[in-house]
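Chemist: Turn this into a model:
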Amino acid sequence: MSLKAVLSAAVALLGALALAAAVSLIVLATNLQRTTSNLGAAVEGVRVAEALEVDLLSLHRVTHPLLSDLEASAPLAAGKEESLRALLSEARRETTNPEEQALLAQAERGIADYFLVRERAAELSPERLARELGPSLDVALASLERLVDYNVAEARAAQAQAARWERLSDIAGFGVAALLLLGGAALLLWLRRFAFRPLLDISRAMQRFGSGRKRTRAPEQGPAELREMARTFNEMANSLSRQQEAQLTFLAGVAHDLRNPLSALKMSAALLTAGRPLPEERMQKTLALIRRQVARLDRMVGDLLDATRIEAGRFELQLEEHDACDVAREVVELYRAGGSSHDLRLELPEEPLLLRCDSARLEQVMHNLVSNALKYSPTGSRVDVGVAREGEEVVLSVVDRGIGISTEEMRNLFVPFKRAGKARERTPGVGLGLSVSRRIVEAHGGRIEVESRPGVGSAFRVRLPLHPAIAHPPARPGEEAPGPSDALH
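Modeler: Below is the predicted model:
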């Protein structure tokens, strides 16, 4: 279960509810507006029909031959007729329903018949005119009354429809609000139980771990993201615990490795200060032992200091132009002068291979590689040291015929304080030489490659970029300097 998936689903659901609510409001508003319009039209129809009835009755009263003077009421009758025609025109404009239009047409015919009878007023006697006007008036008024009843019924239907839409809008509004509240409450409860609680557990585990309880681990529970966070914290805690154990092991190893040369120095000092004269040969052997042990201590302390500088980011190089052949030659001559018991061979090219490097640090790398080749090779075996050019790189190689390195040991070859099992058994050391050497080579922009087979030997190759002046020499007179495309081929 993923927190991202749950939150996405919750947001999508709440968004869908909100969208549904918005659509419902739009639909309800549209229908309410339509119903209101229908109600207004029906009310207006009632008003016009009743106005027609009133005007028709008023016209009949002022034009009735037995109730009024026709000549005196002629102007008033003309005004009522004009009002009736105007109301009929308005009714035709407002009427859109076919049934209502049919009722209006009947009312118009009734009113038209009434007007026809009135136009014959001069031809008929007052008694006969009154008898003929009565039925036509009743027909017209009956048609108008049916039109009024129809519009009243339409108004009531529109009012009922509006009430239904209002109830539906209330139900929809309360329903959506309830769903939103329930969804929000359910999301908060889920977050509290499955997200906040594991998050607080992780926070408490971090606090306990930071306060010194290094065995504290966070429970891996809850959503996938929090489980991954807890897993990462636990892996970090395990890594720190392993590092602490490795540091303790390293300190114990350093103490053990330093004790051996110190014990030898202590014994040599005891011999020299015993008060008894030593034979010259014994004296020379004792002094040689002291020199070797001091050199071992110096190398161990130097490796420790270099590793400390590298980790602190204060490792600096003094870059100058040097010939890689000179660096290799000086290292080999030093071991030959020391009376090496191995067949140490040096192979150099005829032309110089310039590097922009810190020669002292590069010699330190070569010393480490050659020293390891001599330590882990049988006495009298051959060790080859070579310098060659491969493309735009200078390759310094050290090849021995020693104990070799297994594939499993190869993985930890350049890890600080890690030493192969056979290496620990054969010679003491703190396990920093190759780690420091690799960091030195990488600081020069190069890399170290290793090939090894147990029981056959090992080959270490240091690859460094050739000096630009050698990689791209200036053009001779009459020649064009190679462009970037030429340098790639």
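Chemist: what about the helices in the stretch 1-150 of the chain?
Modeler: Ranges of helices in the stretch 1-150 of the chain, per DSSP state H, counting those that start in this stretch, are 3-63, 74-94, 98-119, 126-190.
Chemist: Which of those comes out lowest on mean pLDDT?
Modeler: Lowest mean pLDDT within the helices of the stretch 1-150 of the chain: helix 74-94, a mean of 76.
Chemist: quick one on the thing from earlier: columns distance to G210 and mean neighbour count on top of the helices of the stretch 1-150 of the chain, output as TSV?
Modeler: To be clear about C-beta, it is placed using only N, CA and C from the backbone, and glycine gets the same treatment. Shown next, in TSV, are these (distance: least, Cβ to Cβ, whole Å; neighbours: other Cβ atoms under 10 Å):
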stretch	distance to G210	mean neighbour count
helix 3-63	25	16
helix 74-94	83	15
helix 98-119	84	17
helix 126-190	30	15
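Chemist: of all those, which lies closest to P277?
Modeler: helix 3-63 (83.4 Å; Cβ to Cβ).
Chemist: Show me what the closest one is packed against.
Modeler: Packing contacts for helix 3-63, counted by 3 or more Cβ pairs under 8 Å, 6 or more residues apart in numbering; DSSP states H and E, involve helix 74-94, helix 98-119, helix 126-190, helix 224-272.
Chemist: List the buried residues for whichever strand or helix holds E409?
Modeler: Using DSSP states H and E, E409 sits in helix 407-410. Going by neighbour count (16 or more other Cβ atoms under 10 Å), the buried part of helix 407-410 is E409.
Chemist: Okay, helices next: where are they in the stretch 351-489 of the chain?
Modeler: Counting by DSSP H, counting those that start in this stretch, the helices of the stretch 351-489 of the chain are 359-375, 407-410, 421-426, 433-443, 468-471, 484-487.
Chemist: Which of the ones you listed sits closest to R34?
Modeler: helix 484-487 (76.2 Å).
Chemist: if we can go back for a sec, show me how far the helix holding E409 is from its chain's centre.
Modeler: For helix 407-410, the distance from its own C-alpha centre to the chain's C-alpha centre is 37 Å (Cα atoms, centre = their mean, to the nearest Å).
Chemist: about what we covered before: may I see the helices of the stretch 1-150 of the chain organised as TSV, with distance to L287 added?
Modeler: Listed next are the helices of the stretch 1-150 of the chain as TSV, based on distance: least, Cβ to Cβ, whole Å:
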stretch	distance to L287
helix 3-63	72
helix 74-94	130
helix 98-119	131
helix 126-190	79
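Chemist: which stretch among those comes nearest V294?
Modeler: Using Cβ to Cβ, the helices of the stretch 1-150 of the chain put helix 3-63 closest to V294, at 61.8 Å.
Chemist: Tell me what angle that closest one forms with helix 126-190.
Modeler: Helix 3-63 and helix 126-190 are oriented at 170 degrees to each other (axes from the mean of the first three to the mean of the last three Cα atoms, to 10 degrees).
Chemist: C-terminal to the helix or strand where Y335 lies, what's the next element?
Modeler: Per DSSP H and E: Y335 is located in helix 324-337. With elements assigned by DSSP H and E, the helix or strand that comes after helix 324-337 is strand 343-347.
Chemist: chain center to that following strand: distance?
Modeler: Centroid separation for strand 343-347 versus its chain: 57 Å, with Cα atoms, centre = their mean.
Chemist: returning to that earlier point: where among the helices of the stretch 351-489 of the chain is the average confidence lowest?
Modeler: The minimum mean pLDDT among the helices of the stretch 351-489 of the chain belongs to helix 484-487 (a mean of 34).
Chemist: For the helix holding Y335, name the packing helices and strands.
Modeler: Counting by 3+ Cβ pairs under 8 Å, 6+ apart, helix 324-337 packs on strand 343-347, strand 354-357, helix 359-375, strand 382-390, strand 393-399.
Chemist: Give me the domain ranges for this protein.
Modeler: 3-187, 246-311, 317-473 (automatic domain parsing).
Chemist: ends of the first one, how far apart?
Modeler: Distance between the boundary residues of domain 3-187 (Cα to Cα, to the nearest Å) amounts to 11 Å.
Chemist: so how far is that domain from its chain's centroid?
Modeler: 62 Å.
Chemist: Present the helices and strands packed on helix 3-63 as CSV; the columns should include distance to S437.
Modeler: Below are the helices and strands packed on helix 3-63 laid out as CSV (distance: least, Cβ to Cβ, whole Å):
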stretch, distance to S437
helix 74-94, 102
helix 98-119, 102
helix 126-190, 56
helix 224-272, 18
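Chemist: closest to E408 out of those helices?
Modeler: Between these, helix 224-272 lies closest to E408; by Cβ to Cβ that is 17.8 Å.
Chemist: That closest one vs helix 3-63, what angle?
Modeler: Going by the same axes, to 10 degrees, helix 224-272 makes 160 degrees with helix 3-63.
Chemist: Any chance of the helices and strands packed on helix 324-337 in TSV with mean neighbour count and distance to A246 as columns?
Modeler: Supplementary listing: the helices and strands packed on helix 324-337 in TSV, determined by neighbours: other Cβ atoms under 10 Å; distance: least, Cβ to Cβ, whole Å:
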stretch	mean neighbour count	distance to A246
strand 343-347	14	35
strand 354-357	22	32
helix 359-375	21	21
strand 382-390	17	32
strand 393-399	22	28
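Chemist: Of all the ones you listed, which one is nearest G173?
Modeler: strand 393-399 (77.2 Å).
Chemist: Quick one: list the elements packing against that closest one.
Modeler: helix 324-337, helix 359-375, strand 382-390, strand 457-465.
Chemist: tell me how far that strand is from the chain's mean position?
Modeler: That offset, for strand 393-399, works out to 45 Å (Cα atoms, centre = their mean).
Chemist: what lines up beside it in the sheet?
Modeler: Looking at strand 393-399 with DSSP bridges, its partner strands are strand 382-390 (antiparallel), strand 457-465 (antiparallel).
Chemist: Which among those strands is found nearest to A10?
Modeler: strand 457-465 (56.1 Å).
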